[in-house]
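Asks: below is the structure, and that's it, no one-letter string:
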């Protein structure tokens, strides 16, 4: 059978100063992770090691070519991980506060995390 989806969770994140899409994406991933309790992996499937799950991360943000993929995947604490990025999110004009970042662009990223498990193992 192979990998089967267990849960899909969503999160949003923003960088209010400087338009850093990676910062916004990492916050979106952490938001999604914070909404998830995967107790069914232990209680139903008897998975004793959270690194046995696979997490597919999909990010929607302005200018996805600027994302630092490794940094984003480090925001997922367990499992094997993959990343897909697509155009999405928002970019709006905010405040230029040099002490907090470069520029006046606010960027918002959205994340979808799909957790799958190998039902054959």
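Replies: Thanks, I have the structure now. Please read these numbers as outputs of a predicted model, since none were measured by experiment.
Asks: tell me the predicted confidence for residue 99.
Replies: Residue 99 carries a pLDDT value of 87.
Asks: number of nearby residues for it?
Replies: Neighbourhood size, residue 99 [other CB atoms under 10 Å]: 5. Quick note: C-beta positions are derived from backbone N, CA and C, even for glycine.
Asks: sticking with the residue most central in space within the chain, tell me its helix or strand.
Replies: With the centre of the chain defined as its mean C-alpha position, the nearest residue by CA atoms, centre = their mean is residue 29, 2.7 Å away. Residue 29 is part of helix 21-34 when elements are defined by DSSP states H and E.
Asks: give the buried residues for that helix.
Replies: 21-33 (16 or more other CB atoms under 10 Å).
Asks: in JSON lines, list these along with distance to residue 78 and pLDDT.
Replies: Converted to JSON lines, the buried residues of helix 21-34 look like this (distance: CB to CB, whole Å; pLDDT from 0 to 100):
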{"residue": "21", "distance to residue 78": "24", "pLDDT": "97"}
{"residue": "22", "distance to residue 78": "21", "pLDDT": "98"}
{"residue": "23", "distance to residue 78": "22", "pLDDT": "97"}
{"residue": "24", "distance to residue 78": "23", "pLDDT": "98"}
{"residue": "25", "distance to residue 78": "18", "pLDDT": "98"}
{"residue": "26", "distance to residue 78": "16", "pLDDT": "98"}
{"residue": "27", "distance to residue 78": "19", "pLDDT": "98"}
{"residue": "28", "distance to residue 78": "18", "pLDDT": "98"}
{"residue": "29", "distance to residue 78": "13", "pLDDT": "98"}
{"residue": "30", "distance to residue 78": "14", "pLDDT": "98"}
{"residue": "31", "distance to residue 78": "17", "pLDDT": "98"}
{"residue": "32", "distance to residue 78": "13", "pLDDT": "98"}
{"residue": "33", "distance to residue 78": "9", "pLDDT": "97"}
